[in-house]
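Engineer: Give me coordinates for this.
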Amino acid sequence: MIILYSLNDCLFEHNYEVTSLATNGIRYLISGSKDCTVKVWIVESDKPTTLYRTLIGHSSIIQDVAITQDEKYVISGSWDGNVCIWDIESGQCIKTIKHQSQIMKVSYIHQQNGDFISSITNDGTVMIWKLFFKKIKDENQNEEKQEKEKEEEEPKFYKSYHEKGIFNTSCAFSTSEDINPILCTSGSDGKIFSCFDEFRNQYKLSKSDEFEETIRNHVNDDDGNNNDKNVKIWKHDSDGIINYLLFSPANLFISSGCSEGIVCLWRYDDCNEFIKLNCNSPVNSFSYNPAMLLCATASDDNILIWDLEKKKILTTIVIDDFDSQLINNDENKDEIILKVKNLQRYKESYKAQLKYHQKNSDKPLIRSLSIVWFSYDIIFVACDDNTIRRYKINNIYEN
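Structural biologist: Sure, this is the predicted structure:
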């Protein structure tokens, strides 16, 4: 298989590093940034991406964003300790969930009986709640049932099941609404846990201290072995911190990317690793092609597109290489290049200063922090030069 690509758009509306992207591949692209804003973009296949709305309300860095299945709401998690729910149409924050520490990751899943959200913080807290319930109005509903439903709507806090001193790094819900939801979390110890299978059929979890004790008793026996089938554990064989978790389409496997430059794909049913991809630099994010068995990884050095069946790299995208990435007949090519060259990152004095601090003059100046596959032939990449790059896959064919 051979892939040819081009850079056909570059978005410049953020004032600081773009930290996270989210999309359903329908209409919107959501971006979060260190400028404390969330932006909603309209994506059309044959037109430039346009800014639709800026969501303002956080007081610190936006660490992660998500979008609901119906594309009506955006979820954002920030270092200010808040998870905000935004109405896209009005641009208003309709709900704020306060935490005691910085938000590291948010995850969302749509289910028939409601939408689940999970958030993790750097103090080891895992939080789960239902965003909205699908309720049938019943005038004869008794007070006890009403109180129960109200209680279920309240967010629930749980302690992480990683050991003391280990901080949470990422979380991921399963991707399919046809099965009961699964939540995995990762820590700085390189381990991935999944023990929320208990709430698959109904939203019932134990209280914080009881939950923590249950997990610790179930995770390991006296010999340190996993002795509970309801608790699944994965462990990277490197010492790297896991930066990103993602379930594959149809939940065939759970994937993890770490600071050692390794992406591992694990079978969820038996916890066995069956694919390992070496990206050679810290992996910040990755995304699956919605139509083919392809994966795009975003790292400190470049973007890699992988053929998962053959376990090989199909193409490498170097973020700095603007001139070669823009197609010659692109109408906005000159405009993009002019804007890029005017960025502070492209001033020679700033380049020299950055290289000095990086202690490595050969290291690319621009890092890719987040990546999403919008459609089978469109990829968006969030970069630390305040931009979002849109790549068009021009040809995918067998060699």
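
Engineer: how about low-confidence regions in this structure?
Structural biologist: 1-2, 113, 132-167, 175-181, 195-239, 251, 269-271, 320-365, 395-399 (pLDDT under 70).

Engineer: can you list the domains in it?
Structural biologist: According to automatic domain parsing, the chain comprises the domains 1-12+286-385, 18-123+125-159, 161-177+192-278.

Engineer: State the distance from residue 111 to residue 105.
Structural biologist: Remark: distance between residue 111 and residue 105 (CB to CB, to the nearest Å) = 19 Å. Placement of C-beta: from N, CA and C, glycine included.

Engineer: Between those two, which is the more surrounded one?
Structural biologist: residue 105 (23 against 20; other CB atoms under 10 Å).

Engineer: Would you confirm that the more buried one contacts residue 184?
Structural biologist: No: the pair residue 105 / residue 184 is not scored as a contact, 11.1 Å apart, by CB atoms under 8 Å.

Engineer: those strands in the stretch 251-399 of the chain, which residues are they?
Structural biologist: All strands of the stretch 251-399 of the chain, identified by DSSP state E, counting those that start in this stretch, fall at 253-258, 262-267, 273-278, 283-288, 294-299, 303-307, 312-317, 368-375, 378-383, 388-397.

Engineer: what about those strands, which gets the closest to residue 245?
Structural biologist: strand 253-258 (5.5 Å; CB to CB).

Engineer: which outside residues touch the closest one?
Structural biologist: Here strand 253-258 makes contact (CB atoms under 8 Å, 6 or more residues apart in numbering) with 170, 172, 184, 186, 190, 192, 194, 234, 236, 238, 240-248, 263-268, 274-275, 279, 282-286, 295, 297.

Engineer: Buried ones among the residues you listed?
Structural biologist: 170, 172, 184, 186, 190, 192, 194, 234, 236, 240-248, 263-266, 268, 275, 279, 282-286, 295, 297 (16 or more other CB atoms under 10 Å).

Engineer: quick one: contacts for residue 131?
Structural biologist: 68, 73, 75, 85, 108, 114, 115, 116, 117.

Engineer: just checking, next helix/strand downstream of the helix or strand where residue 10 lies?
Structural biologist: Using DSSP states H and E, residue 10 maps to strand 2-11. Using DSSP H and E, the next helix or strand after strand 2-11 towards the C-terminus is strand 18-23.

Engineer: for the residue nearest to residue 258 when sequence neighbours are not counted, helix, strand, or coil?
Structural biologist: Among residues not flanking residue 258 along the chain, residue 240 sits closest, at 3.6 Å (CB to CB, 6 or more residues apart in numbering). The local conformation at residue 240, judged by DSSP: H, G, I helix; E, B strand; the rest coil, is coil.

Engineer: Distance-wise, check residue 240 relative to residue 305.
Structural biologist: 22 Å.

Engineer: What of residue 75?
Structural biologist: 28 Å.

Engineer: which of those two has more neighbours?
Structural biologist: Remark: of residue 75 and residue 305, residue 75 carries more neighbours, 25 against 22, as counted by other CB under 10 Å.

Engineer: Now do the same for residue 70: helix, strand or coil?
Structural biologist: Per three-state DSSP, residue 70 ends up coil.
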